[in-house]
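Student: any chance you could fold what I've pasted below:
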Amino acid sequence: MAKKKRTTIADAAACPEGLNMPRPTREEHTATVLQQIAAFEERLEGLETDMESSGWDDIGDYRGRLDDLRARLKALSSRAEELEAVSDKAWPAANKEMEESLVDVAEGIDDLVAGLSLVLPE
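Tutor: Here you go, the predicted model:
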């Protein structure tokens, strides 16, 4: 099964050829990252609500995965707020690491959703 390429913030921010639009500032980029983190947190809250309202007794493994994802998002949020202060030389590496971490969390949430879809009622 081929793995689907995820769209990153950098992909979404890329300008179509010929438009010559300005690149987002670091502050704008950081705000976008923080918005994405907030969207992930909101999605986890919805999953947690679904888990609790399901009445299913054996959610321990899923609860652990959800808590792990929340901890990772909290760490990402702290790192995102530090992005603006990164030196110009360190920016590409720091930004790439943030993008990879966001994709990793998105995949973790997708995996959790897929697992829960097998055990939670529609």
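Student: Leu118 versus the residue nearest to the spatial centre of the chain, what's the distance?
Tutor: Nearest to the mean C-alpha position of the chain, by Cα atoms, centre = their mean, lies Leu102 at 4.0 Å. According to Cβ to Cβ, to the nearest Å, Leu102 stands 26 Å off from Leu118. (C-beta placed from N, C-alpha, C; glycine too.)
Student: repeat for Glu107
Tutor: 17 Å.
Student: neighbour count for the two, which is higher?
Tutor: Shown here are Glu107 and Leu118; by other Cβ atoms under 10 Å, Glu107 has more neighbours (12 against 6).
Student: buried sites along the helix or strand hosting the more buried one?
Tutor: Using DSSP states H and E, Glu107 maps to helix 91-119. By 16 or more other Cβ atoms under 10 Å, the buried positions in helix 91-119 come out as Asn95, Met98, Glu99, Ser101, Leu102, Val105, Ala106, Gly108, Ile109, Leu112, Leu116.
Student: which strands or helices does it pack on?
Tutor: helix 9-13, helix 26-53, helix 60-83 (3 or more Cβ pairs under 8 Å, 6 or more residues apart in numbering; DSSP states H and E).
Student: please name the nearest non-neighbouring residue to the residue nearest to the centre of the chain.
Tutor: Gln36 (6.1 Å; Cβ to Cβ, 6 or more residues apart in numbering).
Student: go ahead and confirm the one you found touches Ser101.
Tutor: No: the pair Gln36 and Ser101 fails to qualify as a contact (Cβ atoms under 8 Å) at a distance of 10.9 Å.
Student: for this protein, what helix or strand is lowest in average pLDDT?
Tutor: Sorting the helices and strands of the chain by mean pLDDT, DSSP states H and E puts helix 9-13 at the bottom, at a mean of 47.
Student: residue ranges with poor pLDDT in the chain?
Tutor: For the chain, the stretches flagged by pLDDT under 70 are 1-23, 56-57, 121-122.
Student: please repeat the previous calculation with a cut-off of 50.
Tutor: Regions of the chain meeting the criterion pLDDT under 50 cover residues 1-15.
Student: now do the SS call for Gly55.
Tutor: Three-state assignment for Gly55 (DSSP: H, G, I helix; E, B strand; the rest coil): coil.
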